[in-house]
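Colleague: coordinates only, no sequence provided:
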């Protein structure tokens, strides 16, 4: 067979093959890269309109056997970073080898795949799930809208349909990677492994997945088996100014040897002393190895391991006052120490994963995959504690604690000009000016001052006032599953899976740096007597570096799940139906006996368990090959995350009151059109969430019902019975104007709101009983988390000589700050004695409680690349510039829950510059990314 026949630009090649209708039919072939002529493993080959599908093996071969009489049909070949190829075929003879089939690489998609994770690492790692970025589909979907969401909307924390990463399932080799703690995958667990993560199967939304029941935001199965990679290697180097400034990466794949072995390795390093945001270091290494042995024609065994230790300096949210005094690069979390940048808020992740995967080809139509994985290691988040004290024992034997340092945060409200202008009749202009000059000139953490304070006390025998410590989670998790796929006949496929996960998580704080001090007294400086003891079993303990202090407890979690699905395929109608059953258990086991909760902190809590279920169905009606209509519906229940199960897990065993499973109902209906020149879709979607739970922690001022002398406390806010509604329309269209020029458009018009008034109660070590605050009037407030409306217009130019350029203009609106639920309860209009506040004005209150909408903005982005072939080797370059016009914008924010009653909030917002205004995350200015690669 020659390249002219099988590798031309036409997507439709009609093959007339002599076939005997009396015999079982078979068809086979070999798929290779049109650009390199190298065989391509892992290409998905579908017989359209049937249940039959195969994947090419390590040598690029595929084979269908024992086929019924199919007559005229279409073979479709698809693989990430390659153009889809469709082969209409007519079977009229007994079995035939199609020979070599060439598929063309999509260089734009391939290089964007490599770049998208690099550009979004920081957002993907964010602790606050409200701002987690699910552009981490980790692939360029061929869907026009999802392409826009992944590559252009991601910088704004835009989330398709308003769903954060909790609602998307991520699997590696069939093993689910979503965490028990918050339901989200921790992207940094496999950061820097771009080159070995391109073999993916993505199921959009709630559509059918062969490996999982899935969820609302889609299912991605990243296949990292050694035999799935084409033979060869790649080396690349990248420079950027967003999350990191440099990246070096290399990988090599052996392909399947004659002895049946295959191996794959990848190494990478990403680094920055400081990236776009001031003081944000980045230090990450990545290691990957996969070894596979093909035992015989039916069995193969694969071992995969990856380890991606990384450290990242965080950046602070800031008020508008701080932004106006500095700029969008300002970060309060760092300062110079001996001329070097030092960040107090470091996220440190070291969680290696090892897994073993067994594939059993029971027959040419049935495959069973058995997988087991073990993940272990630590995640740490550092910060400064300034509550150091000294113990004094009175003549009566009672202990008292004295000390405490000043807040080292350079953007603390008492250090800003507004603090000195807070009294209308007594504004201190001189101090305000000095504060402004100090903040603009310095305005960073004074590390030297912390050392001086501690060393001065150490010289007189005192304890440290300041300490750098780390909130640590040391996890050990084992996961196992068995996944089956069987083609029953030409129209039906069944999928099923059984999964098991077991987690043991040790949680504690440990001392990192005493700043020159001798020791740190492990007590709660805001409590007195025995209540001040963080651990009654070791009272008044002095801790030093690497010691555990403050809190120490273990969490255990276990889940068992079973999933079953049937898919059917006909000429004009495809569909699926799936069910899911699961059982989940959680338990806390306290190691410290907390002085505020002596009877409810040490030892094991009562276990809590949840039985959950779900079902989904979907249909696609093909009016013609160019006009399709689809509908998907799902209903399922979901256990609360570990994070939202215990109201104050650091101090006690209390479960959230009335804890239960969340209920989710969702659906979408869409129209898809595909013509030779124009393709696109428009989809309407709806999601209803009921009975969710959220736990938050903050310092509140203006509390009522605690007595006249008690209006402030550090509280745990527990919202229960939360309902939310997501609805909207998304669309994407692209037009192939010429063979080289493509125009594209994408848009999402969403409305994501709280759909009821949930219940709210508070717990705290400042009061013994939970304080019921009644309903929080959140109904019709917008759910926070990026813009709810986005649109794009753009173009692509692809030259036949393998260079391309693409430009987009992206428009965003209707992003809202996260409101403070406690301010929407009766506490807002109630005095400290429990009686209504005097002078309460409902119109003014409505203005104070109106949700702030962040401004509209536009971002213009350009990307481009070029590849050169040097015999059997390739050199390529890729570059992108985001936000070319250097637009200033806010990606999100939240109300500070400091002033939680009408009088305090009104007084604050009547000031020219409120002391406790909302805090925002500001978008990056103009950023760039560029890399060069060598492939062999």
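Modeller: All right, it came through fine. A quick note: this is a predicted structure, and the numbers were derived from the prediction, not measured.
Colleague: just the strands in the stretch 151-300 of the chain please.
Modeller: Counting by DSSP state E, counting those that start in this stretch, one finds strands in the stretch 151-300 of the chain at the ranges 169-172, 175-176, 200-203, 219-222, 232-240, 246-253, 261-272, 282-294, 299-307.
Colleague: which of those strands sits closest to residue 693?
Modeller: Among the strands of the stretch 151-300 of the chain, strand 169-172 comes nearest to residue 693, with 20.9 Å by CB to CB. C-beta: built from backbone N, CA, C; applies to glycine.
Colleague: direction included, what does that closest one pair against?
Modeller: Counting by DSSP bridges, the strands paired with strand 169-172 are strand 175-176 (antiparallel), strand 219-222 (parallel).
Colleague: state the mean pLDDT of the last one.
Modeller: I take that to be strand 219-222. In this model, strand 219-222 has a mean pLDDT of 92.
Colleague: in CSV, list the strands paired with strand 169-172 along with mean neighbour count and distance to residue 727.
Modeller: As requested, the strands paired with strand 169-172 are arranged in CSV below (neighbours: other CB atoms under 10 Å; distance: least, CB to CB, whole Å):
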stretch, mean neighbour count, distance to residue 727
strand 175-176, 24, 28
strand 219-222, 24, 22
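Colleague: could you dump those strands to a markdown table with distance to residue 202?
Modeller: Shown next, in a markdown table, are these (distance: least, CB to CB, whole Å):
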| stretch | distance to residue 202 |
| --- | --- |
| strand 175-176 | 15 |
| strand 219-222 | 5 |
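Colleague: of these, which is nearest residue 168?
Modeller: Between the strands paired with strand 169-172, strand 219-222 lies closest to residue 168; by CB to CB that is 7.1 Å.
Colleague: out of the helices and strands in the protein, which is least certain?
Modeller: One helix or strand of the chain scores below all others by mean pLDDT, DSSP states H and E: strand 15-18, with a mean of 34.
Colleague: ok, which of the strands paired with strand 169-172 comes nearest residue 42?
Modeller: Using CB to CB, the strands paired with strand 169-172 put strand 219-222 closest to residue 42, at 11.8 Å.
Colleague: coming back round to it: nearest to residue 44, of the strands of the stretch 151-300 of the chain?
Modeller: strand 200-203 (7.7 Å).
Colleague: next SSE after the host helix or strand of residue 378?
Modeller: Using DSSP states H and E, the element containing residue 378 is strand 366-385. Counting by DSSP H and E, the next helix or strand C-terminal to strand 366-385 is strand 389-393.
Colleague: next one: phi and psi at the residue of the chain most remote from its centre?
Modeller: Among residues of the chain, the one most distant from the C-alpha centroid is residue 395; the distance is 56.0 Å, by CA atoms, centre = their mean. In this entry, residue 395 is assigned phi and psi values of phi -60, psi -30 (degrees, to the nearest 10).
Colleague: for residue 619, which of the strands of the stretch 151-300 of the chain is the nearest?
Modeller: strand 200-203 (15.4 Å).
Colleague: parallel or antiparallel, which strands does that closest one pair with?
Modeller: With DSSP bridges as the test, strand 200-203 pairs up with strand 219-222 (antiparallel).
Colleague: and for the partner strand, what's in contact with it?
Modeller: For strand 219-222, the surrounding residues in contact (CB atoms under 8 Å, 6 or more residues apart in numbering) are 137-139, 168-174, 190, 197, 199-203, 209-212.
Colleague: hang on, the earlier thing: for the strands paired with strand 169-172, which one sits closest to residue 464?
Modeller: strand 175-176 (43.1 Å).
Colleague: which parts of the protein are helices?
Modeller: Counting by DSSP state H, one finds helices in the chain at the ranges 3-6, 107-124, 144-151, 320-325, 429-441, 447-459, 842-848, 902-909.
Colleague: list the buried ones in the strand holding residue 378?
Modeller: Neighbour counts over strand 366-385 (16 or more other CB atoms under 10 Å) mark 367, 369-373, 375, 377, 379-385 as buried.
Colleague: residue 390 is nearest to which of the strands of the stretch 151-300 of the chain?
Modeller: Per CB to CB, nearest to residue 390 of these: strand 282-294, 36.6 Å.
Colleague: tell me the angle of that closest one relative to strand 246-253?
Modeller: 0 degrees (axes from the mean of the first three to the mean of the last three CA atoms, to 10 degrees).
Colleague: sheet partners, orientation included, of strand 282-294?
Modeller: With DSSP bridges as the test, strand 282-294 is paired with strand 261-272 (antiparallel), strand 299-307 (antiparallel), strand 310-313 (antiparallel).
Colleague: what's the last one in contact with?
Modeller: Just to be clear, that refers to strand 310-313. Residues from elsewhere that reach strand 310-313, judged by CB under 8 Å, 6+ apart: 122, 125, 188, 191-192, 243, 270, 279-285, 333-334, 343, 345-350.
Colleague: report the buried members of the residues you listed.
Modeller: 122, 125, 188, 191-192, 243, 270, 279-285, 333-334, 343, 345-350.
Colleague: got a list of what residue 664 touches?
Modeller: Contacts for residue 664 (CB under 8 Å, 6+ apart) come out as 216, 634-638, 687-690.
Colleague: narrow those to those in strands?
Modeller: If you go by DSSP state E, the contacts of residue 664 have 634-638, 687-690 in strands.
Colleague: closest one of the residues you listed to residue 536?
Modeller: Checking the ones in strands among the contacts of residue 664 against residue 536 with CB to CB, the nearest one is residue 638 at 37.2 Å.
Colleague: these two touch, right, the closest one and residue 662?
Modeller: Yes - the pair residue 638 / residue 662 is scored as a contact, 4.7 Å apart, by CB atoms under 8 Å.
Colleague: which ones are touching residue 209?
Modeller: Neighbours of residue 209 in contact, by CB under 8 Å, 6+ apart: 169, 201, 203, 219, 221, 495.
Colleague: measure how buried residue 535 is and give me the count.
Modeller: The number of residues packed near residue 535 is 22, by other CB atoms under 10 Å.
Colleague: so what's it up against?
Modeller: 522, 541, 552, 592-594.
Colleague: just residue 565 next, same as before
Modeller: Contacts of residue 565 (CB under 8 Å, 6+ apart): 208, 213, 494-496, 576-579.
Colleague: looking at the residues you listed, which are in strands?
Modeller: The members of those that map onto strands under DSSP E are 494-496, 576-579.
Colleague: ok, and the most crowded of those residues?
Modeller: Counting by other CB under 10 Å, top hit in the ones in strands among the contacts of residue 565: residue 578 with 23 neighbours.
Colleague: for that one, which non-adjacent residue is spatially closest?
Modeller: Nearest residue to residue 578, sequence neighbours excluded (CB to CB, 6 or more residues apart in numbering): residue 565, at 3.7 Å.
Colleague: ok, how many other residues are close to residue 340?
Modeller: Residues near residue 340, counting by other CB under 10 Å: 9.
Colleague: confidence score at it?
Modeller: For residue 340, the model assigns a pLDDT of 95.
Colleague: for residue 274, see how far away it is.
Modeller: Separation of residue 340 from residue 274 (CB to CB, to the nearest Å) stands at 11 Å.
Colleague: and what of residue 778?
Modeller: Residue 778 is 39 Å from residue 274, by CB to CB.
Colleague: more neighbours, those two?
Modeller: Between residue 778 and residue 274, residue 778 has the larger neighbour count (other CB under 10 Å), namely 24 against 18.
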